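**Student:** Okay, sequence plus prediction incoming.
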2 protein chains.
Amino acid sequence: MSGTRILDTLLALSLVLEADQTRELERRGLTASKTHLLWVVHHRGPATQAQLAEALQVTPRHVTTLVDALEATGFARRTPHPTDRRAVLVDLTDRGRSVMTAMTAEHESLGAELVRGLDAESVAVAADVLDHVLQRLQTLVAEHEARQAERAETS
Amino acid sequence: MSGTRILDTLLALSLVLEADQTRELERRGLTASKTHLLWVVHHRGPATQAQLAEALQVTPRHVTTLVDALEATGFARRTPHPTDRRAVLVDLTDRGRSVMTAMTAEHESLGAELVRGLDAESVAVAADVLDHVLQRLQTLVAEHEARQAERAETS
DNA sequence: TATTGTTATACTCTATAACTATA
DNA sequence: TATAGTTATAGAGTATAACAATA
């Protein structure tokens, strides 16, 4: 069945994409999770660590670790929160911002490279199929979690 | 450009697929790397740890860790190599084999579920596009590595 | 009392280096 | 001398629990 074929290709793509990303990040002295944090700050602006923990779906304690590392390597900076003396605001340094800009450009160039040689119509069809697949997957996961939550209540 | 759109969806899918897989594996007391090892043994048959290290692209030392854990949890087993007393053969237990069988079935069912509601023709087009994208990506990565190797030689 | 962030501790993935037993 | 696997050690991702300072 072609559903399995698509899933297999998707999984293969995931592996190669991840390996490629990891290599690129390593070259800059970054890792996936640290970059994710930078990305969130880049798009949302300065945020407290608690907000970042929520956005990254990670414990506040782990955010401390990430920000420590990003501060030590000059990508991010902690500034005191203007009104709440318990909290800090995490912001990007110039270096952090320029890395984010460069990565955005690379991302777009990669997107264009990957479909080079394909006709626009097929690419559009494929994009629609992928959107559908993503939605189906999210639905399945949600249903699955709902069933498990139910089971947990019953027991 | 739709290339970027496809790439974005691909990355989103990677994240959700990985999260889903991790949850499923956790439920069974497994992790991605341990499952990968089981998968290789399931398909190639009993193998030495050195062979597994090569297949998984991981250090022999790490294979020791993985096999230790899989043996402790009853998914795999070490048996002495028949002719080489230095080596061991890693094989699946009945439990390991039945987990692999169950996961194969789930994988196929997921593949079918993901394209439910789509017409076969679009799915076929999308599958072709994805194959193309995977090949392009592999080409780009290979070119990139070749350039870096060259640069390393020059310096 | 609730929240923000941090010290302490631990588990998993993964790597390198040094070492043992066997080829 | 080369190979198979293991002990020792380490760094990154990530988590929980206990605790300080502040709200």
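**Tutor:** Looks like it came in fine.

**Student:** can you give me the strands in chain A?
**Tutor:** A:76-80, A:88-92 (DSSP state E).

**Student:** Just send those back as JSON lines, with mean neighbour count too.
**Tutor:** C-beta here means a position set from N, CA and C on the backbone, and glycine is covered the same way. Below are the strands of chain A laid out as JSON lines (neighbours: other C-beta atoms under 10 Å in any protein chain shown):
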{"stretch": "strand A:76-80", "mean neighbour count": "16"}
{"stretch": "strand A:88-92", "mean neighbour count": "20"}
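
**Student:** closest one to A:A55 among these?
**Tutor:** Closest approach to A:A55 among those is made by strand A:88-92 (11.0 Å; C-beta to C-beta).

**Student:** just checking, what packs against that closest one?
**Tutor:** helix A:32-44, helix A:49-56, strand A:76-80 (3 or more C-beta pairs under 8 Å, 6 or more residues apart in numbering or on different chains; DSSP states H and E).

**Student:** In a markdown table: the ones you listed, plus mean pLDDT.
**Tutor:** A markdown table is the format used below for the helices and strands packed on strand A:88-92 (pLDDT from 0 to 100):
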| stretch | mean pLDDT |
| --- | --- |
| helix A:32-44 | 97 |
| helix A:49-56 | 98 |
| strand A:76-80 | 97 |
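
**Student:** right, so of these, which gets closest to B:V41?
**Tutor:** helix A:32-44 (28.4 Å).

**Student:** and that closest one, anywhere near chain B?
**Tutor:** No - using C-beta under 8 Å from any C-beta of the partner chain, helix A:32-44 stays clear of chain B, with a minimum separation of 10.1 Å.

**Student:** Dump that helix to CSV, keeping only the CA atoms.
**Tutor:** Output in CSV follows, covering the C-alpha atoms of helix A:32-44 (Å, rounded to 0.1, in the frame of the first residue of the first chain):
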residue,chain,number,x,y,z
ALA,A,32,19.0,21.1,18.5
SER,A,33,17.5,22.0,21.9
LYS,A,34,19.6,25.1,22.3
THR,A,35,18.7,26.2,18.8
HIS,A,36,15.1,25.6,19.5
LEU,A,37,15.3,27.9,22.5
LEU,A,38,17.0,30.6,20.4
TRP,A,39,14.4,30.2,17.8
VAL,A,40,11.5,30.7,20.2
VAL,A,41,13.2,33.8,21.7
HIS,A,42,13.9,35.1,18.2
HIS,A,43,10.3,34.9,17.2
ARG,A,44,8.5,35.8,20.5
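
**Student:** Which strands or helices does it pack on?
**Tutor:** Using 3+ C-beta pairs under 8 Å, 6+ apart, helix A:32-44 sits against helix A:2-27, helix A:49-56, helix A:60-72, strand A:76-80, strand A:88-92, helix A:94-114.

**Student:** Tell me which of those sits most buried.
**Tutor:** For those, the largest average neighbour count (mean count of other C-beta atoms under 10 Å in any protein chain shown) is found in strand A:88-92, namely a mean of 20.

**Student:** Point out where chain A drops to low pLDDT.
**Tutor:** A:1, A:152-155 (pLDDT under 70).

**Student:** A:T79 contacts A:L89, doesn't it?
**Tutor:** Yes - A:T79 lies in contact with A:L89 (C-beta atoms under 8 Å); the separation is 4.9 Å.
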